Structures are given as structure tokens and as C-alpha cells.
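> Dropping the sequence and predicted coords here.
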Amino acid sequence: MMDAVQFIPHKKPMVFVDHLIEANENFAIAELLIQPDLMFCDVHGLPTWSSIELMAQTISAYAGHKGQMLGLPPKIGFLLGTRKMQLPVPYFALGESVRIKAEQSYLHEGLGQFNCEIEYREHRICAMLSVFEPAEIKENIRNLA
């Protein structure tokens, strides 16, 4: 288990993955403990509409892990969209953990698609995310992360 922050270009409070549990050439599995200090949390927990960000940051950790193996720092990427996401519950409860898996299905010249799944209790939240990681990025955009 590795601290996920070392693989993503985000800083608190915009961090939604705690640990990178497993990563290889095809997929990554991350984990998040739902805590009250997370951005967007309220008395009910973390709204499940944030699932897209949990999935996107797991993809970012996947890319960062691959880059680290080549001696590269984490890079900024962009979430282009998602398809087929259904949210069976409104919140992830405080004190519970979610496990997020992102599996690469397509990658070419920075454009990628990932099949993602969040395991929460007996539920599975699934979606396909489209992402883009440009080869170069201007410094003023880099400072937004």
C-alpha cells in the first residue's frame, strides 16, 4: 500500500484517494476513507456524485505510478467526460472506505478511456471515463492543480 498523493498532481483539500493499493501496466486500485474533512462532505457523508472525481484521481494515480517508474513527476490530465454512471445511494457514509479500480481500455497520444468501478458496501458504481494527458502544458495551467 502506497500513499497516493505521491502519484497525483493534487494538494489537499482536493485529494480524494488515500492509498494506491495495487498498480500495474493495465489498472490501478485505490482506497479512500470517508472522513468529515474531505471536500464536499457533510453530516451525511461524501455525496456519491463525487464518484467521478474519485475515479479520475485513481486514473491520475495510475498514470503517476507509470510515470514514476520512468523517473517522471506526476502530470496534469483532464477529465473529458463519462458514460453510464448510475449512483445507487446518495452518500458514502462517514468512517467507511471505498475501493476504486481504474482499468485502461484505450490509450493513444494522450487520449484514454478507462473502465472504472467503486466498491462500496454491497454496491458497485461503474462508469467509463474519457481522459486526456497533453504532452506539454503551459505553466499557468499547471498552477491550477
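Everything's here; your move.

> rest of the way, CA atoms for contacts and neighbours
Will do.

> Would you map the strands across the protein?
Using DSSP state E, the strands of the chain run over 2-3, 19-23, 27-33, 46-47, 78-83, 91-92, 97-108, 111-120, 123-132.

> Of those, which is nearest Pro9?
Between Pro9 and the strands of the chain, the tightest spacing by Cα to Cα is seen for strand 78-83, at 11.6 Å.

> re earlier: mean pLDDT added to the strands of the chain, as a markdown table?
Below are the strands of the chain laid out as a markdown table (pLDDT from 0 to 100):
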| stretch | mean pLDDT |
| --- | --- |
| strand 2-3 | 88 |
| strand 19-23 | 96 |
| strand 27-33 | 98 |
| strand 46-47 | 98 |
| strand 78-83 | 91 |
| strand 91-92 | 98 |
| strand 97-108 | 96 |
| strand 111-120 | 97 |
| strand 123-132 | 96 |
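
> Mean neighbour count, the ones you listed: which tops it?
The highest mean neighbour count among the strands of the chain, using mean count of other Cα atoms under 10 Å, belongs to strand 27-33: a mean of 22.

> how big is the angle separating that strand from strand 97-108?
150 degrees (axes from the mean of the first three to the mean of the last three Cα atoms, to 10 degrees).

> packing partners for strand 27-33?
Counting contacts by 3 or more Cα pairs under 8 Å, 6 or more residues apart in numbering; DSSP states H and E, strand 27-33 packs against strand 19-23, helix 51-69, strand 97-108.

> Summarise which helices and strands the longest one is packed against.
If contacts are counted by 3+ Cα pairs under 8 Å, 6+ apart, helix 51-69 sits against strand 19-23, strand 27-33, strand 97-108, strand 111-120, strand 123-132.

> With distance to Pro73 added, can I get these in CSV?
Output for the helices and strands packed on helix 51-69, formatted as CSV (distance: least, Cα to Cα, whole Å):
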stretch, distance to Pro73
strand 19-23, 16
strand 27-33, 17
strand 97-108, 19
strand 111-120, 19
strand 123-132, 17
